[in-house]
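Asker: Here's a sequence, model it:
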Amino acid sequence: MEDEELLAHLTKSAKENFELFTNSSKEKRERWVVEEFLSISRIRFAKNELHSPEQESKVDVYFRDAKFQIKEITDPNFKRGKFYKDEYHSYKNASSINGVSFVSEGHDSPKITNMYDLVLEQAKKLADDARYKGLKGKLDLMIYVTRPRSSLIQSSEINGNDYLSMGWRSVSCLNSKQAVVLFSSKDAPDFLKNISGKINKNKC
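Answerer: Predicted structure coming up:
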């Protein structure tokens, strides 16, 4: 691949990453999270079954009878939006591969932690948020964990009673290697109840 062609390819890729993490792509990212969860959970679906409502809604993604509220746990020390923006502009403004000036800013790695504890803490924090009062019983909370250095969820950790008093209809977790329904109430969608407590692993 010639240098000019390589630069064009890298610029295109950097632009896609940058645009994906802008506010205008929020709905696209949320639908992707649900798609990834369903795929890892071996649930067959068509992309046109996933719908994003108006932004004022507390539901982020509708899928069949599920009403997903998507929350992400990220690296607290990594400014992802700025990283992809700087990377894209560096490639875009370069006249050659040798002219690429992008240098990633260093950041501290977060301390090693337990993913189950992170999700439990986040679910509790959101359950106490006044914005969800009176709505939790009809929402399926989906927590997407991209925070590094957090241990994968183990079957022995899963305890539906941990979430019982929070009021969510269901609580699920997605990470790069796992998809798992941690809690499902009697009113949760059947497809979530059917896989509740089972850790599905990403084969990729």
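Asker: who touches residue 170 in this structure?
Answerer: Neighbouring residues of residue 170 by Cβ atoms under 8 Å, 6 or more residues apart in numbering: 140-141, 181, 183-185, 188-189, 192-193, 196. No exception for glycine: its C-beta is placed from N, CA and C like everyone else's.
Asker: can you do 7 Å?
Answerer: Applying Cβ atoms under 7 Å, 6 or more residues apart in numbering, we find residue 170 in contact with 140-141, 181, 183-185, 188, 192.
Asker: got those residues as JSON lines, with secondary structure columns?
Answerer: Below are the contacts of residue 170 laid out as JSON lines (DSSP: H, G, I helix; E, B strand; the rest coil):
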{"residue": "140", "secondary structure": "strand"}
{"residue": "141", "secondary structure": "strand"}
{"residue": "181", "secondary structure": "strand"}
{"residue": "183", "secondary structure": "strand"}
{"residue": "184", "secondary structure": "strand"}
{"residue": "185", "secondary structure": "coil"}
{"residue": "188", "secondary structure": "coil"}
{"residue": "192", "secondary structure": "helix"}
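Asker: these two touch, right, residue 137 and residue 166?
Answerer: No - Residue 137 lies out of contact with residue 166 (Cβ atoms under 7 Å); the separation is 10.2 Å.
Asker: Report pLDDT for the residue nearest the centre of the chain.
Answerer: With distances taken as Cα atoms, centre = their mean, residue 144 lies nearest the centre of the chain, 3.3 Å away. On pLDDT, residue 144 comes in at 98.
Asker: if I've got this straight, it is in a strand?
Answerer: Yes - with three-state DSSP as the criterion, residue 144 is part of a strand.
Asker: before we move on, the earlier item: give me the more crowded residue out of residue 137 and residue 166.
Answerer: residue 166 (18 against 11; other Cβ atoms under 10 Å).
Asker: For the biggest helix by length in the chain, output the C-alpha coordinates as PDB.
Answerer: Looking across the chain with DSSP state H, the single longest helix is helix 3-20. Only the C-alpha atoms of helix 3-20 are listed here, as PDB (Å, rounded to 0.1, in the frame of the first residue of the first chain):
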ATOM      1  CA  ASP A   3       1.900   6.100   1.600                       C
ATOM      2  CA  GLU A   4      -0.800   8.300   0.100                       C
ATOM      3  CA  GLU A   5      -3.300   5.400   0.100                       C
ATOM      4  CA  LEU A   6      -2.300   4.400   3.600                       C
ATOM      5  CA  LEU A   7      -2.800   7.900   4.900                       C
ATOM      6  CA  ALA A   8      -6.300   8.100   3.200                       C
ATOM      7  CA  HIS A   9      -7.200   4.800   4.800                       C
ATOM      8  CA  LEU A  10      -6.100   5.800   8.300                       C
ATOM      9  CA  THR A  11      -7.800   9.200   7.900                       C
ATOM     10  CA  LYS A  12     -11.100   7.500   7.000                       C
ATOM     11  CA  SER A  13     -10.800   5.100   9.900                       C
ATOM     12  CA  ALA A  14     -10.000   7.900  12.400                       C
ATOM     13  CA  LYS A  15     -13.000   9.900  11.100                       C
ATOM     14  CA  GLU A  16     -15.300   7.000  11.600                       C
ATOM     15  CA  ASN A  17     -14.100   6.600  15.200                       C
ATOM     16  CA  PHE A  18     -14.400  10.300  15.900                       C
ATOM     17  CA  GLU A  19     -17.900  10.500  14.500                       C
ATOM     18  CA  LEU A  20     -19.000   7.400  16.400                       C
END
